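Asker: 3D, please:
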Amino acid sequence: MAQRTRRLAMPVAALIGLAVVAMIASSWLLNRDALRKAVEAQIRAVTGLDLVVAGNTDISVFPASYVSFHDVGLKGGAGADPALTVDVLTANLRLLPLLLQRFEIADVMMLRPRIRVVRDITGDSNWTPFVGTITRTMKPGAENQLSFSEIRIQDGILTYEDPVRQVNEKLDDIDLSLAWPSISRSFGATGQFDWRGERVDGSISIGDFLAALSGDRSTVKARLSSAPLKLAFDGTAANKTSLMMDGTMTVDSASLRNALRWTGQIPPGNGGFGRFALKARANVVGGAIALTNVNVELDGNVAEGVMTYTNNGRQSLQATLAADNLDFTPYISTFRLLASGAHDWNRQLFDLNSLSATDLDIRLSAAKVTIGPSKLGRTAIGANLRNGALALSVGEAQIYGGIARGSFALARADSFADVKAQFQFTDVDLQACASELFGFSKLSGRGNLGVSLSAAGSSPFGLAQSLDGTATLTGHDGAIAGFNAEQLLKRLERRPLSGTGNFRSGSTPYTNLNVALKFADGVATLDDVQIEGPAHITLTGTASVPQREFDMKGTASLITGDGKPGFELPFVVQGPWDDPLIFPDPDALLRRSPATAPLLNAVKDPKARDAVRSVIERLTGAKVPDSAMPANAPSDKAPAASAKAN
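Answerer: Got it, this is the predicted structure:
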């Protein structure tokens, strides 16, 4: 057996040696200049680009068969500037055809290529001749049909210029492997590149490369993955007159805010826009994307519906979505009407730049909605943002145990926000409504609230200073916390000078409440305030919205058994909204008290009068006005005559 193996090895070794000698000999006899020209011609035939070699050329036949061109430029026939420049372009040759004096390129390697794509006003680019040539050479039956099996790009740079749309992009450190359809009709590319400071992994496969180049429909699978954003598409594509795609699209991002910044968009506000995921059926026609069967998730909110996105010089998004639960708290968390401590309006300037970035037209419906502390039931909301003007409409919202309808408009004028709001709250819990909307927690009961307001300013404080409009409130079966008008009136009816006591405790119940306000330059004027219950109360005066303070006067009267007003007491309400001072008018108390009349009549001189005034003020705790003192003191002789007569 060993002898037979040795006998067989001898001729095999001889044949191998003969083949090696033949290859070496053929490499010596090979016309290298013809080889270089043949490679240049084949590259020109396959790519449609002229090869301009400014550097030297390296040729190797054995053991490796390749031709390397240094400092190479490739450009279209009519192009003045090269569409592609390469530091080193290496064409690896097929060995067997080379031994037969046929020169065929197996694959191409480009080291540090610089690819330049420029679109003109017609939509064509400097690469149009390249695409046209590829299409012609790959058609079945084409003469001198040539191709490469693979093109590799290492450390490349791509620049894209679109002067019409004013788009300039750059991809750096490109490492790609392009599976060229030399045998099959499919095309594939995988690799990595840097874009805007992020490393992107990408891949694309085209089922029928010739059909895709011709603009006909072909299957396409594409994937892009980076730290800010992941995108995938699986479907079909065509490009006869404009790009058309149809298939399943998925988008995923750990932070939509970071993804928007990375893609050059201005994220709205400073809150929310975190975790984002979208899966939908996508139909792309030109610059418009229609999404159906949408399942979208943003900041834990999940919704379904349809969406449309267009980018024809200006971005526009339309959507109709439905959800079980929506939480808008993250988007308003950085917008505070009140400053820390809730005693003053926030003076931080508005950031309105995001209003002019995109046009929006969104319709949302949800079974439950959360907006900060407010909990809403079934709600339908519409939002329209166009040319920096935002309009919100609430078709119907279940809130505060009742129904809310209305609209809100916000327009940008330089750094100012022009705001208009019209809302109607029907049969709501007044305590929850007044507390959450206006920071006033003294009112309870149920009722209706209507507001029609407008303001302009660069901060919440500026809006409060310019507030104009009207507001109406009707309530029933509730109470006003802070004082008990009925108990106070009964006590003062018996003893007007019994001391002020504590007028800021308890609550005043009411059966009916009617309030009408007019706002002008941040000041609310009480047109009509009627509070009916065990005590009847009327109020007049003003309330400063910027200072959040009351300056009002009123009259409280006890209701007798026959329903007629009884004892009446004027009173004053002053101080901050959240803790106002309520005290009776001392003038009325002095005039009503039977104890003060003889005392005041006994005052004969100014010194005694001042002493009495001091005593009364200590008793009542309030300053006695001059009108409460007797206008004419008795004469000095009257008491003497009276004493003599007695």
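
Asker: for Leu35, which non-adjacent residue is closest in space?
Answerer: For Leu35, ignoring the flanking residues on the chain, the nearest one in space by CB to CB, 6 or more residues apart in numbering is Phe103 at 5.7 Å. Placement of C-beta: from N, CA and C, glycine included.

Asker: try Met244
Answerer: Distances taken as CB to CB, 6+ apart place Ala238 nearest to Met244, at 4.8 Å, with adjacent residues excluded.

Asker: next one: the residue nearest to Leu35 from Tyr66, what distance?
Answerer: As defined by CB to CB, to the nearest Å, Phe103 lies at a distance of 12 Å from Tyr66.

Asker: over to Thr540?
Answerer: Shown here: Thr540 relative to Tyr66, a distance of 98 Å by CB to CB.

Asker: which of those two has more neighbours?
Answerer: Set side by side, Thr540 and Tyr66 show more neighbours around Tyr66, with 18 against 13, by other CB atoms under 10 Å.

Asker: where does the closest residue to the more buried one other than its chain neighbours land in three-state SS?
Answerer: Leaving aside its sequence neighbours, Tyr66 sits nearest to Asn92 (CB to CB, 6+ apart; 4.8 Å). For Asn92, the secondary structure call by DSSP: H, G, I helix; E, B strand; the rest coil comes out as strand.

Asker: cool, and Leu463?
Answerer: Assigned state for Leu463: helix (three-state reduction, three-state DSSP).

Asker: change the start of the numbering to 73 and stick with it
Answerer: Right, with 73 as the first residue, what we last looked at is Leu535.

Asker: who touches it in this structure?
Answerer: Taking CB atoms under 8 Å, 6 or more residues apart in numbering as the contact definition, Leu535 lies against Ala489, Val491, Ala527, Ala528, Gly529.

Asker: burial check on the fourth one, number of neighbours?
Answerer: Think Ala528. Every residue meeting other CB under 10 Å relative to Ala528 is counted, giving 17.

Asker: and for the one 10 residues further on?
Answerer: The local packing count at Ser538 equals 19, with neighbours defined by other CB under 10 Å.

Asker: which residue packs closest to it, ignoring adjacent ones?
Answerer: Counting by CB to CB, 6+ apart, Ser538 lies nearest to Ala527, which is 4.8 Å off, once chain neighbours are set aside.

Asker: list the buried residues for stretch 299-314?
Answerer: With burial defined by 16 or more other CB atoms under 10 Å, the residues of stretch 299-314 counted as buried are Pro300, Leu301, Lys302, Leu303, Ala304, Phe305, Gly307, Ala309, Ala310.

Asker: wait, doesn't the first one sit right on Asn330?
Answerer: Yes - with contact defined as CB atoms under 8 Å, Pro300 counts as touching Asn330 (5.0 Å).

Asker: roughly how far does the closest residue to Ile471 other than its chain neighbours sit from Glu468?
Answerer: Taking CB to CB, 6+ apart as the measure, Ile471 lies nearest to Leu448, with 4.7 Å between them; neighbours along the chain are not counted. Note on Leu448: its distance to Glu468, by CB to CB, is 10 Å.

Asker: more neighbours, the two?
Answerer: When neighbours are counted by other CB under 10 Å, Leu448 and Glu468 differ, and Leu448 comes out ahead with 20 against 14.

Asker: what's the helix or strand for that one?
Answerer: Leu448 is located in strand 446-458, with elements delineated by DSSP states H and E.

Asker: what strands line up against that strand, and which way round?
Answerer: strand 431-443 (antiparallel), strand 461-471 (antiparallel) (DSSP bridges).

Asker: which among those is found nearest to Phe202?
Answerer: Phe202 lies closest to strand 431-443 among these, at 36.8 Å (CB to CB).

Asker: buried residues in that closest one, which are they?
Answerer: Taking 16+ other CB under 10 Å as the basis for neighbour counts, the residues of strand 431-443 that come out buried are Asp431, Leu432, Asp433, Ile434, Arg435, Leu436, Ser437, Ala438, Val441, Ile443.

Asker: could the residues you listed be laid out in CSV, adding distance to Thr542?
Answerer: Putting the buried residues of strand 431-443 into CSV (distance: CB to CB, whole Å) gives the following:
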residue, distance to Thr542
Asp431, 32
Leu432, 30
Asp433, 30
Ile434, 30
Arg435, 30
Leu436, 29
Ser437, 30
Ala438, 31
Val441, 27
Ile443, 24
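
Asker: next, count neighbours for the residue nearest to Leu107.
Answerer: Here the count is done by other CB under 10 Å, and Phe175 has 21 residues near it.

Asker: distance check, it against Ala455.
Answerer: Looking at Phe175 against Ala455, where the rule is CB to CB, the gap reads 65 Å.

Asker: check Ser277 too.
Answerer: Ser277 sits 39 Å away from Ala455, going by CB to CB.

Asker: just Ala110 next, same as before
Answerer: 65 Å.

Asker: who has more neighbours out of these two?
Answerer: More neighbours surround Ala110 than the other of Ala110 and Ala455, with 18 against 15 (other CB under 10 Å).

Asker: contacts only, for that one.
Answerer: Applying CB under 8 Å, 6+ apart, the residues contacting Ala110 are Phe175.

Asker: find the centremost residue of this structure, please.
Answerer: For the chain, the residue whose C-alpha lies nearest the mean C-alpha position (CA atoms, centre = their mean) is Pro340; its distance is 3.6 Å.

Asker: do you know how far that residue is from Lys625?
Answerer: For Pro340, the distance to Lys625 (CB to CB) stands at 46 Å.

Asker: please apply the same query to His608.
Answerer: Using CB to CB, His608 is found at 15 Å from Lys625.

Asker: please apply the same query to Arg174.
Answerer: Arg174 is 109 Å from Lys625, where distance means CB to CB.

Asker: kindly report the same for Arg186.
Answerer: Relative to Lys625, Arg186 is positioned 82 Å away (criterion: CB to CB).

Asker: low-confidence ranges in the stretch 273-422 of the chain?
Answerer: Applying pLDDT under 70 to the stretch 273-422 of the chain picks out residues 405-415.

Asker: what segments of it are helices?
Answerer: When secondary structure is read from DSSP state H, counting those that start in this stretch, the stretch 273-422 of the chain shows helices at 281-286, 328-334, 401-404.

Asker: got a markdown table for the ones you listed, with mean neighbour count too?
Answerer: Supplementary listing: the helices of the stretch 273-422 of the chain in a markdown table, determined by neighbours: other CB atoms under 10 Å:
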| stretch | mean neighbour count |
| --- | --- |
| helix 281-286 | 20 |
| helix 328-334 | 19 |
| helix 401-404 | 16 |
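
Asker: distance to Val378 added to the ones you listed, as CSV?
Answerer: Output for the helices of the stretch 273-422 of the chain, formatted as CSV (distance: least, CB to CB, whole Å):
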stretch, distance to Val378
helix 281-286, 28
helix 328-334, 20
helix 401-404, 22
